[in-house]
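[1] Sequence and computational prediction follow.
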Amino acid sequence: MLSKTSSAVVTFLFLTLFIAMMAYLDTPQAKSDETVTFPIAAEEEDQETAAWESQLVTVYEDKKIGTKWEDGYRVETYQEFEVVKDSDGKTVDVRPTGNYSYLKYKGDEE
């Protein structure tokens, strides 16, 4: 069995070695970003498609689709739409989702 002092020294050495190993793995020399690929025609087409699609951004917007009165409350109905925009912010595609939100306000019927 190790004495208290020996145990502390072994623990200190282990932690020092562990921290040194983690520091080395975090350095740029330890990271290898170099990869060798030989693309074929199909992969080139996929890469072009992927590059074009990566410029698209999908956002979700709620649009008011209706208002009705129920038991002295005004209930507004909103539907969520999936909006795809390009890098210039122009809308490319709009698709309705099945998600609806309802806001309920107390008030007098107009």
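    Alright, I've got the coordinates. Values in this document were obtained by computation on a predicted structure and should not be read as measured data.
[2] Number of residues surrounding F81?
    16 (other Cβ atoms under 10 Å). Just so you know, the C-beta spots here come from the backbone N, C-alpha and C atoms, and that holds for glycine as well.
[3] Mind listing the residues bridging to L103?
    Following DSSP bridges, L103 is listed with bridge partners E76.
[4] list the contacts for it?
    Residues in contact with L103 (Cβ atoms under 8 Å, 6 or more residues apart in numbering) are V75, E76, Y78.
[5] Just the buried ones from these?
    Buried members of the contacts of L103, counted by 16 or more other Cβ atoms under 10 Å: Y78.
[6] ok, of the contacts of L103, which one's closest to A20?
    Nearest to A20 among the contacts of L103 is Y78, at 56.1 Å by Cβ to Cβ.
[7] All the strands of this structure, in order from the start?
    Along the chain, the stretches classed as strands by DSSP state E are 57-70, 73-85, 91-106.
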